[in-house]
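Asks: Turn this into a structure:
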Amino acid sequence: MIFEKRIKAYNRFGLNEYYANLDAFSRYLILVNETFKDEIEDSLIVIYNEALIEHIPTYLFNVNADLKAFLTILEQGEINEISIENPKAELIGFLWSRFFLQLYYFFGGWKVYKSQNLNTSRIQEIWDSFIQELEEFDLDEMITLLYSFKEFLLGDHQNKEEVVNSVDLLFLNYYHKGLESDFSSFL
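Replies: Residues are numbered from 1 along each chain as shown. Alright, predicted model coming up:
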């Protein structure tokens, strides 16, 4: 199995979701700001913006619990009473199609709030908590990857091809250098 091609395909799917979230959150903020233009209604803008910002953390809700459950399944060697023939393929499928996918959604929402200079302290708290929980798994290489991923996606990029290539490079480097280190007991 050519895992690099699979990882690249998952990256494109994740980036599609990232850009969709950028668009959806941006349109929402424009709608709220246009609807409540008057100074009297400024408090309503704050209320609606806070309501949406509370949705962003839900993307990371239970992600670490899902990881723990998946690692238990890998350890047992069975999925739905079917023996796991290729743990690496299962791990890559889980990480890139479920675990990392949630991060694309999360960063899409975060980037919009950051670019609008809105208060992102709640998002930062959720991120810090997520990383702290992840540290309990001893996935040092993944945590390093996630910090780089976060910094990149929250940065300013005009060229989508640059984004695709950079994300591919980040994840392929992790696949080649960090995945074995983080998950050696399962592979």
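Asks: biggest helix in this protein by residues?
Replies: helix 3-35 (DSSP state H).
Asks: by contact count, what packs against it?
Replies: helix 42-53, helix 87-94, helix 100-115, helix 160-173 (3 or more Cβ pairs under 8 Å, 6 or more residues apart in numbering; DSSP states H and E). Heads up, the C-betas are built off the backbone N, CA and C, glycines and all.
Asks: among these, which is the most enclosed?
Replies: Stretch with highest mean neighbour count among the helices and strands packed on helix 3-35: helix 100-115 (a mean of 21; mean count of other Cβ atoms under 10 Å).
Asks: Other residues contacting that one?
Replies: Residues outside helix 100-115 that contact it (Cβ atoms under 8 Å, 6 or more residues apart in numbering) are 10, 13-15, 17-22, 25-26, 29, 52-53, 55-57, 59-60, 63, 119-120, 123, 127, 146, 149-150, 153-154, 171.
Asks: what about that helix, distance to the chain center?
Replies: Put simply, helix 100-115 sits 7 Å off its chain's centre (Cα atoms, centre = their mean, to the nearest Å).
Asks: now the strand or helix carrying residue 122 against helix 100-115, angle please.
Replies: Here residue 122 sits within helix 121-135, counting by DSSP states H and E. Going by axes from the mean of the first three to the mean of the last three Cα atoms, to 10 degrees, helix 121-135 is angled at 150 degrees with respect to helix 100-115.
Asks: now the most centrally placed residue in the chain: how far from residue 80?
Replies: Taking Cα atoms, centre = their mean, the centroid of the chain lies closest to residue 103, which sits 0.7 Å from it. Distance of residue 103 to residue 80, given as Cβ to Cβ, to the nearest Å: 26 Å.
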